[in-house]
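> Need coordinates for the following:
(one chain, ligands or ions: 2)
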Amino acid sequence: MNQKSFDEIFNHAPTTEPERQYYFIQQARQVLKERFEERVRSGEAELIYGKEQLQDMLANEVYGTFCITTFGCQMNFRDSEKLTAILEQVGYREAEREEEADFVLYNTCTVRENANQRVYGRLGYLHSLKKKNPNLLIALCGCMMQEKEVVAKIKKSYRFVNLIFGTHNIYELAELLFQTLTEQRMVLDVWEDSQKIVEELPAKRKYAFKSGVNIMFGCNNFCSYCIVPYVRGRERSREPEDIVAEVERLAKDGVVEIMLLGQNVNSYGKNLQTPISFAELLRRVERVEGIARIRFMTSHPKDLSDELIEVMAESKKICTHLHLPMQSGSSEILKKMNRCYTKEQYLALVDRIRAKMPNISLTTDIIVGFPGETEADFEETMDVVRKVRFDSAFTFIYSKRSGTPAAKMENQVPDEVVKARFDRLLEEVQNIAAEVSGREEKTVQTVLVEEIDTQKEGYVTGRLSNNTVVHFPGEASLIGKLVEVYLEESRGFYYMGRQV
Ligand code: 5AD
Ligand code: SF4
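Numbers count the residues shown, from 1 in each chain. Ligands and ions are numbered 1, 2, ... in the order given. The predicted structure is shown next:
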């Protein structure tokens, strides 16, 4: 194909979505196929893939290999499942390691600076791979790419990258890939924000029996330390009918557990033309036959309604686990963080939740070393940790994100002080978690079997409704099934059991 026919392909592309992307999946597939056939003729393909794999690729109409590395949160992992499906339809097959791939994609995170550093580090390594395999295409997407300074740095110092896109246009991967395959330049397409939600694109699930389901995108909260609202854009909810239809499709396809995903699920539906609450959405999703477990992530304490607590308490399907990020226990710091609740309000909320659901497992996120955090502020955080007694907590050292209000705040806390507080907090959190774990010891509980136990032969690994891991003797045929297990022994953060 020459440049003229590429231009024609663009001119003939549908202008509506998702039709346009299905069109580009076919176009990219055609180009990839022609390139592959050329590589087969020249003998290069056999050298790269080996005789056996090449035969298999030819037999299955596979024209190359890809590897996606995902950094960050559940949202990114779900995005990667969508990206995977597009690449497979284009004619790529997943390779186990990036060393064996023709197309390497990093789906990046930028919530803390160390996530960025990891990507730069690995890019250096990719450059060395590209020197060995000039056909290798390198692509970057996700939150980090939404930052102008990052893109400028990549354009300057990592010129070998072939494709950069952001968080708003992942559904366009086929079109962008077509461009990358046909143009001899770095393809760059990052949107500042978007109102668009494209429905009905494919997704390839990592697990057959469980799936994430996006219910909303973006965030409007602007917590003062957080970069997410800048890189994921304004909050927009999917229509409840679309969500329920997706869950029904998943259930028909054998999914028994879903995780509803949003940066702040408790404000779901507020901006829809016909507003609906998150609690009501849960009621509707609960009605879908075949779904046995419903999880969701993440709940902002300020928007957690009594209606939601009620729906959770009554539900047979909603899991007995709530992740409720507190960030800090000091009302003063919470104010500076723009979290819109106080220490007392957070504690009162926990009481309301536990009054209705005494067995619920509570987990949280905590940031140490926010600007201006004094020893007294930190003690307030320790106080909440001791009072609530979380089942587990993700603890983070505050990371300065440029462009956020907190980055300009005075009194940034010295590194040594933060580190010392972080260690104290971690110890407290772990000690408490060890004490509160094991509540279900010597009881029979329902376990969703997830995989073969990697540590112990003849065993499988699954999870309780409250997310605790259980190991027990079993076979691969149990994967994806809900089984009753007697929890013989608690070993800190997991149980050993036997099927009853
Ligand atoms: N520094 C440290 N931790 C952060 N988080 C978000 N932004 C920052 C930051 N700048 C944490 C919060 C959030 C979790 C996903 O990441 O605790 O809940
Ligand atoms: Fe960031 Fe706050 Fe939005 Fe969570 S709620 S993504 S911490 S701004």
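
> residues of stretch 470-484 that come out buried?
Using 16 or more other Cβ atoms under 10 Å as the test for burial, stretch 470-484 gives 470-472, 474, 478-480, 482-483. Just so you know, the C-beta spots here come from the backbone N, C-alpha and C atoms, and that holds for glycine as well.

> meant to ask about stretch 386-399
So, applying 16+ other Cβ under 10 Å, buried residues of stretch 386-399: 388, 390-393, 395-399.

> What about those, which are in strands?
392-393, 395-397 (DSSP state E).

> Ligand 2: which of those is nearest?
For those, the minimum distance to ligand 2 (Cβ to the nearest ligand atom) is 10.6 Å, reached by residue 396.

> does that closest one have beta-bridge partners, and which?
residue 367 (DSSP bridges).

> surely it meets residue 368?
Yes - at 7.0 Å, residue 396 and residue 368 qualify as touching, with contact defined as Cβ atoms under 8 Å.

> Return only those of the buried residues of stretch 470-484 found close to ligand 2.
With the criterion set as Cβ under 6 Å from any ligand atom, no member of these is near ligand 2.

> Restricted to strands, list those residues.
470-472, 482-483.

> that older thread, which member of the buried residues of stretch 470-484 is positioned nearest ligand 1?
Of those, the one sitting nearest to ligand 1 (Cβ to the nearest ligand atom) turns out to be residue 470, at 26.4 Å.

> Would you check how far apart the residue most central in space within the chain and ligand 2 are?
The centroid of the chain falls nearest to residue 74 when counting by Cα atoms, centre = their mean (1.9 Å). Taking Cβ to the nearest ligand atom, to the nearest Å as the measure, residue 74 falls 12 Å from ligand 2.

> List the contacts of that residue.
Taking Cβ atoms under 8 Å, 6 or more residues apart in numbering, we find residue 74 in contact with 212, 259, 261, 297.

> is it fair to say the second one lies in a strand?
Yes - secondary structure assignment (DSSP: H, G, I helix; E, B strand; the rest coil) places residue 259 inside a strand.

> what's across from it in the sheet?
residue 212, residue 295.

> Tell me the secondary structure at the closest residue to residue 289 other than its chain neighbours.
Nearest non-adjacent residue to residue 289, counting by Cβ to Cβ, 6 or more residues apart in numbering: residue 251, 6.5 Å away. Three-state call for residue 251 (three-state DSSP): helix.

> Return the distance of the helix or strand bottoming out on mean pLDDT in the chain from the chain's centre.
Within the chain, no helix or strand scores below helix 3-11, which has a mean of 80 by mean pLDDT, DSSP states H and E. With Cα atoms, centre = their mean, to the nearest Å as the basis, helix 3-11 stands 36 Å off its chain's centre.

> Likewise for stretch 430-445?
Centre to centre, stretch against its chain (Cα atoms, centre = their mean), the figure for stretch 430-445 is 27 Å.

> I'd assumed residue 75 was in contact with residue 263.
Yes - when contacts are counted by Cβ under 8 Å, residue 263 is listed as touching residue 75 (7.5 Å).

> joint contacts of the two?
residue 232.

> What is the neighbour count of residue 160?
Counted by other Cβ atoms under 10 Å, the residues lying close to residue 160 total 14.

> what secondary structure does residue 322 sit in?
strand.

> Now residue 56. Its backbone dihedrals?
When quoted as degrees, to the nearest 10, the phi and psi of residue 56 stand at phi -60, psi -40.

> With adjacent residues omitted, what lies nearest to it?
residue 62 (7.7 Å).

> Equivalent analysis for residue 352, please.
In space, residue 352 is closest to residue 309, 6.1 Å off (Cβ to Cβ, 6+ apart).

> Alpha carbons of the helix or strand containing residue 81, as CSV, please.
For residue 81, the host element (DSSP states H and E) is helix 74-90. Output of helix 74-90 as CSV, limited to C-alpha atoms (Å, rounded to 0.1, in the frame of the first residue of the first chain):
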residue,chain,number,x,y,z
GLN,A,74,-7.9,-1.2,38.9
MET,A,75,-9.1,1.4,36.4
ASN,A,76,-5.8,1.0,34.4
PHE,A,77,-6.1,-2.8,34.6
ARG,A,78,-9.6,-2.6,33.2
ASP,A,79,-8.3,-0.3,30.4
SER,A,80,-5.6,-2.8,29.6
GLU,A,81,-8.2,-5.5,29.1
LYS,A,82,-9.9,-3.3,26.5
LEU,A,83,-6.5,-2.5,24.8
THR,A,84,-5.7,-6.3,24.8
ALA,A,85,-9.0,-7.1,23.0
ILE,A,86,-8.3,-4.5,20.3
LEU,A,87,-4.8,-5.8,19.7
GLU,A,88,-6.0,-9.3,19.5
GLN,A,89,-8.6,-8.4,16.9
VAL,A,90,-5.9,-6.5,14.9
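
> now the angle between strand 257-261 and it, please.
110 degrees (axes from the mean of the first three to the mean of the last three Cα atoms, to 10 degrees).

> buried residues in helix 74-90?
Going by 16+ other Cβ under 10 Å, helix 74-90 has these buried residues: 75-90.

> Tell me where the longest helix sits in this structure.
Longest helix in the chain by number of residues, with DSSP state H as the criterion: helix 19-42.

> Please pull up the helix or strand immediately following that one.
Scanning onward from helix 19-42 (DSSP H and E), the first element met is helix 44-49.

> Distance check, residue 461 against residue 471.
5 Å (Cβ to Cβ, to the nearest Å).

> okay, and the common contacts of those two?
Joint contacts of residue 461 and residue 471 (Cβ under 8 Å, 6+ apart) are residue 453.

> Between the two ends of stretch 329-345, what distance do you get?
One end of stretch 329-345 sits 10 Å from the other (Cα to Cα, to the nearest Å).

> Now do the buried residues in that stretch.
Quick answer for stretch 329-345 (16+ other Cβ under 10 Å): 329-334, 336-337, 339, 341, 343.

> go on, stretch 431-443?
432-433, 437-438, 440.

> For that stretch, C-alpha coordinates in PDB please.
Taking C-alpha atoms only, stretch 431-443 is exported to PDB below (Å, rounded to 0.1, in the frame of the first residue of the first chain):
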ATOM      1  CA  ASN A 431       0.000  -5.100  64.300                       C
ATOM      2  CA  ILE A 432      -3.700  -4.200  64.300                       C
ATOM      3  CA  ALA A 433      -4.400  -6.100  61.000                       C
ATOM      4  CA  ALA A 434      -2.700  -9.200  62.500                       C
ATOM      5  CA  GLU A 435      -5.000  -8.800  65.600                       C
ATOM      6  CA  VAL A 436      -8.200  -8.400  63.800                       C
ATOM      7  CA  SER A 437      -7.500 -11.100  61.200                       C
ATOM      8  CA  GLY A 438      -8.800 -14.600  61.800                       C
ATOM      9  CA  ARG A 439     -12.300 -13.600  62.800                       C
ATOM     10  CA  GLU A 440     -13.800 -16.400  60.600                       C
ATOM     11  CA  GLU A 441     -11.500 -19.100  61.900                       C
ATOM     12  CA  LYS A 442     -13.300 -22.400  62.500                       C
ATOM     13  CA  THR A 443     -16.300 -21.400  60.500                       C
END
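
> Low-confidence bits of this structure, can you list those?
1-4 (pLDDT under 70).

> The nearest residue to residue 442 once chain neighbours are set aside pairs with what?
Computed as Cβ to Cβ, 6+ apart, the closest residue to residue 442 that is not its neighbour in sequence is residue 487, at 6.7 Å. Judged by DSSP bridges, the bridge partners of residue 487 are residue 497.
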